[in-house]
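> what's the 3D shape of this:
(chains A, B, C and D)
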Number of protein chains: 2
Amino acid sequence: MVPTLLASAYEASEKSALTRILVEAEVLFAERGFDGVSINEVALAAGVCKANVFHHFATKQELYERVLTQACDIFGRSLDALELKEQGLAARLRRLVEWHNAFLHQRPHGTRLILRELTGSPTVLERSPVFPLIQRNFDRVVGLLSEVSDELREGISPALVAKVVLSLNLFGFQTERVNEKLMVAGSLATRPELQRQWLDLLLHGIEAPS
Amino acid sequence: MVPTLLASAYEASEKSALTRILVEAEVLFAERGFDGVSINEVALAAGVCKANVFHHFATKQELYERVLTQACDIFGRSLDALELKEQGLAARLRRLVEWHNAFLHQRPHGTRLILRELTGSPTVLERSPVFPLIQRNFDRVVGLLSEVSDELREGISPALVAKVVLSLNLFGFQTERVNEKLMVAGSLATRPELQRQWLDLLLHGIEAPS
DNA sequence: ATGCCTACCAACCGATCGGTCAGTTAGTTA
DNA sequence: TAACTAACTGACCGATCGGTTGGTAGGCAT
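Numbering: from 1, shown residues only, chains lettered A, B, ... in the order given. Coordinates of the predicted model:
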């Protein structure tokens, strides 16, 4: 039946309670982490009572893992849908970076959730199902670059390029909210412009031609 | 007076209780974050009782901020001690990256603590004294690169280079423990080798000379 | 000796934590 | 109609949270 909905209410009311729990849990966990969020908060945000959350998920950990694997899954599916047929290295890289960045900003909460696991202590969730997913996604990016590896300078592997590109995008995303407050160095242009700059930097190098 | 020290004991016993509290708090907060650590845990790790922690620090938040600003301070002092006199762009960059990376691994806990703030929600500590410190440190790095900005290609600013270099180092540090478990792409050499590779990549570009 | 200060501790406080339980409601099947 | 099930709720549980209180022990100046 329709939940009370006079309680929190401004939200949801269309989607099922389970869906609302998952959505709100993703936002809250992404923003404050596993320990920073109580089940009560999730329940309140979803417009249900705490016991109802435990009706759908046996433990807090189970809810967290469900939200996390869901986020990984969505990332994987979006990556699978990306096709870079018959494009050269530069065009491929540009498309890859654009797709990646667009995805990060379309799903900021899921992204932050994954980044939390990626950068946190590895013992916490190391046996969870997300690790193989992350591995697979990275390998797929490497694969996309391998197809044009003949355009790479000697000694530069597709894996290295993938790591550098993804790192810059992810770290940029991770710190962009702080950068706004910080106005780092006063300079550093807008985000798309900045991205274009470091991609160009990557392709052609830093040093002035002598 | 010497604290009971028969309690936790295997640790410390030389340094003062206050010092032990700060040291253990840094480790714990770095590993599990503000919400993931209780004052009792800190007290136990430091070999004192909980009330003693509140004798030295009015609130948990105050302890956290003290540990955090201390970490920022140490970073700033190490950066100030770094001198790059009369070196060219490539040598400067190499030295900068080496210093940065060495520092990160000499003080992993302090680094993780700062990264937590740098990548977390900005509302939490935005008015804390650490923001100006971070700003200042970044500006100093930009300054070191500006002195050789004439060696940079047109359109490439020292700030951009600083951001890219620091990002790659920091994100690499953030994810290296997971990378070990993940064995990303099976390849990707050892850390110093990998660092040499992406620095070379940055200097000379990705694309093969045509 | 007295008084005072800092360091330190056991015991305690109200609030909140993750989680349980008994029971209600509504839709489904028979 | 009766029986069953999934969704849902308020009230409750023991444990732990951040923080307080009252008091002890030693160092030090007078």
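> quick one: the residue nearest in space to the middle of chain A from DNA strand D, how far?
Most central in chain A under C-alpha atoms, centre = their mean is A:T111, positioned 2.2 Å from the mean C-alpha point. The gap separating A:T111 from DNA strand D is 28 Å, by C-beta to the nearest atom of the strand, to the nearest Å. Glycine gets a C-beta too; all of them are placed from N, C-alpha and C.
> which non-adjacent residue is nearest that residue?
Distances taken as C-beta to C-beta, 6 or more residues apart in numbering or on different chains place A:L104 nearest to A:T111, at 4.9 Å, with adjacent residues excluded.
> gap between the residue nearest to the centre of chain A and A:F75?
Distance, A:T111 to A:F75, by C-beta to C-beta, to the nearest Å: 8 Å.
> Mind listing the shared neighbours of those two?
A:F103 (C-beta atoms under 8 Å, 6 or more residues apart in numbering or on different chains).
> before we move on, back to that, measure the residue nearest to A:T111 to DNA strand D for me?
For A:L104 relative to DNA strand D (C-beta to the nearest atom of the strand), the value is 31 Å.
> export the helix or strand that contains that residue as PDB, just CAs?
According to DSSP states H and E, A:L104 maps onto helix A:89-106. Extracted C-alpha coordinates of helix A:89-106, given in PDB (Å, rounded to 0.1, in the frame of the first residue of the first chain):
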ATOM      1  CA  LEU A  89      44.100   7.700 -31.100                       C
ATOM      2  CA  ALA A  90      43.400  11.400 -30.500                       C
ATOM      3  CA  ALA A  91      39.700  11.200 -31.400                       C
ATOM      4  CA  ARG A  92      39.300   8.100 -29.300                       C
ATOM      5  CA  LEU A  93      40.900   9.700 -26.300                       C
ATOM      6  CA  ARG A  94      38.800  12.800 -26.700                       C
ATOM      7  CA  ARG A  95      35.600  10.700 -27.000                       C
ATOM      8  CA  LEU A  96      36.600   8.500 -24.000                       C
ATOM      9  CA  VAL A  97      37.300  11.500 -21.800                       C
ATOM     10  CA  GLU A  98      34.100  13.200 -22.800                       C
ATOM     11  CA  TRP A  99      32.000  10.100 -22.100                       C
ATOM     12  CA  HIS A 100      33.700   9.500 -18.800                       C
ATOM     13  CA  ASN A 101      33.300  13.000 -17.600                       C
ATOM     14  CA  ALA A 102      29.700  13.200 -18.800                       C
ATOM     15  CA  PHE A 103      28.900  10.000 -16.900                       C
ATOM     16  CA  LEU A 104      30.600  11.200 -13.700                       C
ATOM     17  CA  HIS A 105      28.400  14.200 -13.700                       C
ATOM     18  CA  GLN A 106      25.200  12.400 -14.600                       C
END
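> Regarding chain A, what is its longest helix?
Assignment by DSSP state H gives helix A:158-182 as the longest helix of chain A.
> Can you name every helix or strand that that helix contacts?
Packing contacts for helix A:158-182, counted by 3 or more C-beta pairs under 8 Å, 6 or more residues apart in numbering or on different chains; DSSP states H and E, involve helix A:89-106, helix A:108-119, helix A:130-146, helix A:191-204, helix B:108-119, helix B:130-146, helix B:158-182, helix B:191-204.
> Against DNA strand C, how distant is A:K15?
In terms of C-beta to the nearest atom of the strand, A:K15 sits 17 Å off from DNA strand C.
> I meant to write A:D150 there.
Distance, A:D150 to DNA strand C, by C-beta to the nearest atom of the strand: 53 Å.
> Please apply the same query to A:G76.
If you go by C-beta to the nearest atom of the strand, the gap between A:G76 and DNA strand C works out to 27 Å.
> could you list every residue that touches that residue?
By C-beta under 8 Å, 6+ apart, the contact set of A:G76 is A:L133, A:R136, A:N137.
> what residues are up against the closest residue to chain B within chain A?
Closest approach of chain A to chain B (C-beta to the nearest C-beta) occurs at A:G205, with a separation of 3.4 Å. Contacts for A:G205 (C-beta under 8 Å, 6+ apart) come out as B:R153, B:L202, B:L203, B:H204, B:G205.
> name the helices or strands packed onto the helix holding A:L104?
Other helices and strands packing on helix A:89-106, by 3+ C-beta pairs under 8 Å, 6+ apart, are helix A:60-80, helix A:130-146, helix A:158-182, helix A:191-204.
> The first one and DNA strand D, any residue contact?
No - on the criterion C-beta under 7 Å from any atom of the strand, helix A:60-80 is out of touch with DNA strand D, staying 12.2 Å away.
> Dump the C-alpha coordinates for that helix into PDB.
Coordinates of each C-alpha in helix A:60-80 appear next as PDB, following Å, rounded to 0.1, in the frame of the first residue of the first chain:
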ATOM      1  CA  LYS A  60      22.900  -2.000   7.000                       C
ATOM      2  CA  GLN A  61      25.900  -3.600   5.300                       C
ATOM      3  CA  GLU A  62      23.600  -5.400   2.900                       C
ATOM      4  CA  LEU A  63      21.800  -2.200   1.900                       C
ATOM      5  CA  TYR A  64      25.200  -0.500   1.400                       C
ATOM      6  CA  GLU A  65      26.500  -3.300  -0.800                       C
ATOM      7  CA  ARG A  66      23.400  -3.400  -2.800                       C
ATOM      8  CA  VAL A  67      23.600   0.300  -3.600                       C
ATOM      9  CA  LEU A  68      27.300   0.000  -4.300                       C
ATOM     10  CA  THR A  69      27.000  -2.900  -6.700                       C
ATOM     11  CA  GLN A  70      24.100  -1.200  -8.400                       C
ATOM     12  CA  ALA A  71      26.300   1.900  -9.000                       C
ATOM     13  CA  CYS A  72      29.100  -0.300 -10.400                       C
ATOM     14  CA  ASP A  73      26.700  -2.000 -12.700                       C
ATOM     15  CA  ILE A  74      25.300   1.100 -14.100                       C
ATOM     16  CA  PHE A  75      28.800   2.300 -14.800                       C
ATOM     17  CA  GLY A  76      29.700  -0.900 -16.500                       C
ATOM     18  CA  ARG A  77      26.600  -0.800 -18.700                       C
ATOM     19  CA  SER A  78      27.300   2.700 -19.800                       C
ATOM     20  CA  LEU A  79      30.800   1.800 -20.600                       C
ATOM     21  CA  ASP A  80      29.700  -1.200 -22.700                       C
END
